[in-house]
Structure formats: C-alpha cells, structure tokens
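# I would like the atomic coordinates for the input below:
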Amino acid sequence: METTQPAALFDRAHRLTTAGLLMLVTLVAFESMAVATAMPTAVAELHGLAWYGWPFSAFLVASVVGMVIGGDLGDRRGPGAALLGGVGVFAAGLLAAGLSGSMAVFVAARALQGVGGGAIAVSLYVLSGQAYEPALRPRLFGAISAAWVLPALIGPLVAGLLTAHASWRLVFLGLLPLIGFGLALVLPAVRHLGVAGTGIVPDPARRWWAALAGTGIAALQYAGQRLDLAAAGIAVLGALLLAAALRALLPAGTGRVRPGLPAVVATRGLMAGAFFGMDALLPLAMTQLHGYSPAAAGVPLTAGALGWATASQLQGRRPDVPRVTLLRIGFFLLAAGLAGTAAIALPGVGGWPAYLSWGVAGLGMGFAMPSVGVLLLDQSPEHRRGADSAAFQIADVTGSALTVGVVGVLVAASTASLLALPTAVLAAGAVLTVVALLGALLAPRAGAPAATPALPDGATTLSPS
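Just a heads-up that it's a prediction; the model follows:
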C-alpha cells in the first residue's frame, strides 16, 4: 500500500521555487545590509557629500511605489510577472549604481532599486499564497526570516572589504549574476501560476498615492534629523501627506484595528515600528553611553538576528499552534526585550544587558513576523493578495519610519542639550515598549475574520474587471 509523503519546502514540487525564493531574499537582504557600509565612499567618490541622504530617501520613496506596482501586477497578471518585473528593475538599479559616474545618476539608480525591491517584497507573498499550501506557509516564512541572518552577519563586513580593497561598485555589480541565477531557479516553477481570480481592477491612481506616501515618510524622517522650526512644519506636512495616502492604500479600518485583515496590517506596522525604532538607536546608545567600539556595539544586533532566526524556525515546526497565539507571544517578548534594552540607560547599569535583551526582542520578532505573514494569506482573498500584500509592506515601512522619526527627535534634542542622552534612550524605550504592548493587546483581532472584504478607504474608484 502506497503512502503519500507530506509536502515539504524542498520536496520535488517545491524545491526549485523554495531555493530560488530564498536566494533572492538573501541577495536583496545582503544589498540592504551592505549599502550603508559602502555609501560614504561612494558618495565621496561621486563628489556628492551634500546629497548624502538622497540615496536613502530615493530608495525609501520608490520602494513604496514599487510595492503598489508589484501588488497590482501580481493581482492582474500573476506572481511570475510581478517577480520577473521586480527583479528586472532591481537588477537595472544595481547595474546603474555600479556604473554611475555622477551623484544624480546614483540617486536615480537607488530609486530603481527601491521600485524593484518593493515589487519583489510583495510578489513573495503573492507567490507564497499560490505556490504553497497553508500547512507549509509557517515553515516558508520561517525560512525567509532565516535568510536575512547571513546577510546581517557578513553583509557589512564583505561590503567593507570590497570597498577598502577593491571598489564600492562591486557591492552592487557583484550581485547581478547571483540574482540572475536565483531568478532562473524560481521562474520555471511559477510560470504555470496565473491570475488567482478576476476580482477587481486597481485604480491607477494608487501609484500616485504610493508616491505621496513615500514622500510623506521621507519628510518625517528628514524632520526627525533636525531640531528647528522648519522641522515642525516639515513633520506636519509629511504627516498630512502620509495620512491622506494611507487612507487610499490600506484596508478600510486599519487605523481602528478592525478585526480581520485590517488588524493584520495594523499589527505588522506596530511590530515593525517597535522593533526597528530601538534597532536604530541601540548602537548609538552603546557607543555614547558606555564607550563601546562600533564592532562591540553591533554585537547586540547580531544577537537579535540570531534570536529572530531561532524563533522563526521554532514556529515553523509547530503549524498546529494558532498563529494569533504566536503573534501575541511575540509581542510580549518584544516588549520585554525593548524594556530590558532601554534599561542600559539607567544609572549604574552597563551596556552588557543589551546582549541578552535584544536577543529576547529578536525571539519575539521571530515568532510574530512569520505568524502575521501567515495570517495575511489566510485573511486575504486570492484575487486581492497583491494589493493586500502591498498594504502589509507599506504598514511595515510606515511604522518603522514613524518610530525612527520619534527616536531621531529625541536624539536631536539630546545633541542640542535640551535632553540628556540617557533620558532620551529611556523615553524612546518607554514609547516603543508601549507600542509592543499595544500590539499584544490587539493581536487577537488579527485572527478574527472580517464580516466584509476590507477594501482600501479610497476604493470607491475600483471597479469589477
């Protein structure tokens, strides 16, 4: 009597898709981790020090646009088309950056990378929903989370060696053949995946709303880097632009954390904001408060990455545990890690607790991030997975940008002697811990199906196809 083997990520039906996806994720993650290391040298060689922030802002704004384009393309033409388009644009951006002879070209290249990276991020969710059955998705998202660990560990080191001993251009150009190989693995497996359903045709104006959202996010980040009257005006303008755009891009009820898909999207934003706000502040706190070297100050970030990967693997081995339960556990661990990390600013406490506490925060993200991804695919109708995955990613970027902006204001206040740095770190830790606890409180709503499909608030112009 023949027995049917249970499906696995690397069985015959899935091995090429899984290998290709993980390679693409690893390479995009490497570029993300390495670019900050190479950026000072690149900008100096291109005589663009006055434009130093522009490559980062261009990538950020363009990535939001890429998320919407990738989501719309995935819904209308299938995940294969979205993935191919995203990888193609990302590769073009890498080539342009590596060959750029002026700062203007380099900034434009970074914008291309942002469009492609945003489309890739969304297409991964669309592809996961079609190519993998629900029982495999926890393991898949665990593997995708783990694929970020190696780039986090070696990306800055490799980029530093290439920049110092060869050329910063190789940080971009060296990825091109590897990305082509990853795409060659995954495309044959996804060609048969077509459009999941007829659904609705997105309004082309969504792309303009996405550009507006990216501009608002960039304005908020820029305002957080300065402390003057102009900063307040820039922050207000950015907040207004972002609020208007998010109303059109996110599922209706996201701001009220309505049960179902809106709560899934909202909890993703809360999670990313709580974690990455402290992730940006931690190295500064370690070096300025306790005199750690840059290398030693980066060790807690490594501990966080390892904790994230460990918990991702653990949750993937227990598909029987409700994802909402794991999401809530993740938020509580994240809150504990945030509070423990902020405690390094207390008098008499050294920096060493961060080596443990940020690992706890990483464990929380490892349980929560894959779980909320599974919940997204469970809650999103097949014909809208592209648009909903775009909203998911936009919430992530928005949550991170808002909290990093708050952290930036606190650090700027300490630099201007308006606030002691330990006080700024404690205040940031308190705010971010409250955000994580709020996520734990609201997590059960992510598992409650919505009564009606949650279209964006600005969906009045959408029409049946």
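# When you work out contacts or count neighbours from here on, use the C-alpha atoms and nothing else.
Will do.
# so what are the domain limits for the protein?
Structurally, the chain divides into domains by automatic domain parsing as follows: 12-196, 203-249, 256-448.
# Now do the contacts for residue 301.
Under the criterion of C-alpha atoms under 8 Å, 6 or more residues apart in numbering, the neighbours of residue 301 are 279, 358, 359.
# now the helix or strand where it lies, how far from the centre of its chain.
Following DSSP states H and E, one finds residue 301 within helix 294-316. Here the centre of mass of C-alpha atoms in helix 294-316, compared against the chain's by C-alpha atoms, centre = their mean, to the nearest Å, lies 16 Å away.
# ok, now stretch 417-437?
Between the centre of stretch 417-437 and the centre of its chain there are 23 Å (C-alpha atoms, centre = their mean).
# Can you dump the C-alpha atoms of that stretch in PDB for me?
In PDB, the C-alpha atoms belonging to stretch 417-437 read as follows (Å, rounded to 0.1, in the frame of the first residue of the first chain):
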ATOM      1  CA  SER A 417      21.500  69.800  25.200                       C
ATOM      2  CA  LEU A 418      17.700  70.000  25.600                       C
ATOM      3  CA  LEU A 419      17.600  66.500  26.900                       C
ATOM      4  CA  ALA A 420      20.200  64.200  28.500                       C
ATOM      5  CA  LEU A 421      21.000  61.200  26.200                       C
ATOM      6  CA  PRO A 422      20.100  58.600  29.000                       C
ATOM      7  CA  THR A 423      16.700  60.300  29.300                       C
ATOM      8  CA  ALA A 424      16.200  60.200  25.600                       C
ATOM      9  CA  VAL A 425      17.000  56.500  25.500                       C
ATOM     10  CA  LEU A 426      14.700  55.800  28.400                       C
ATOM     11  CA  ALA A 427      11.900  57.800  26.800                       C
ATOM     12  CA  ALA A 428      12.300  56.100  23.400                       C
ATOM     13  CA  GLY A 429      12.300  52.700  25.200                       C
ATOM     14  CA  ALA A 430       9.200  53.500  27.100                       C
ATOM     15  CA  VAL A 431       7.300  54.600  23.900                       C
ATOM     16  CA  LEU A 432       8.400  51.600  21.900                       C
ATOM     17  CA  THR A 433       7.600  49.200  24.800                       C
ATOM     18  CA  VAL A 434       4.100  50.700  24.900                       C
ATOM     19  CA  VAL A 435       3.700  50.200  21.200                       C
ATOM     20  CA  ALA A 436       4.700  46.500  21.600                       C
ATOM     21  CA  LEU A 437       2.200  46.000  24.500                       C
END
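# Quick check: buried residues in it?
Neighbour-count burial for stretch 417-437, with 16 or more other C-alpha atoms under 10 Å as criterion, is recorded at 421-426, 428-437.
# How about residues contacting it?
Applying C-alpha under 8 Å, 6+ apart, the set of residues contacting stretch 417-437 from outside is 270-271, 273-275, 277-278, 281, 285, 289, 331-332, 334-336, 338-339, 341-343, 345-346, 403, 406-407, 410-411, 413-415.
# repeat that with 7 Å
270-271, 274, 331-332, 334-335, 338-339, 342, 345, 407, 410-411, 413-414 (C-alpha atoms under 7 Å, 6 or more residues apart in numbering).
# Now intersect those residues with the strands, please.
Among the contacts of stretch 417-437, no residue falls in strands (DSSP state E).
# so where's the stretch 51-200 of the chain uncertain?
Where the stretch 51-200 of the chain drops to pLDDT under 70, the residues are 52-53, 189-200.
# one more time with 50, if that's ok
Applying pLDDT under 50 to the stretch 51-200 of the chain flags residues 198-199.
# all helices for it, in order.
Secondary structure of the stretch 51-200 of the chain (DSSP state H, counting those that start in this stretch): helices located at 54-77, 79-99, 103-131, 137-146, 149-165, 169-173, 176-190.
# got CSV for those helices, with distance to residue 354 too?
Supplementary listing: the helices of the stretch 51-200 of the chain in CSV, determined by distance: least, C-alpha to C-alpha, whole Å:
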stretch, distance to residue 354
helix 54-77, 28
helix 79-99, 35
helix 103-131, 30
helix 137-146, 21
helix 149-165, 17
helix 169-173, 30
helix 176-190, 35
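# Out of these, which gets nearest to residue 263?
Each of these was scored for nearness to residue 263 using C-alpha to C-alpha, and the closest is helix 103-131 (17.5 Å).
# Any buried residues in the closest one, and which?
Of the residues in helix 103-131, 103, 106-131 count as buried by neighbour count, 16+ other C-alpha under 10 Å.
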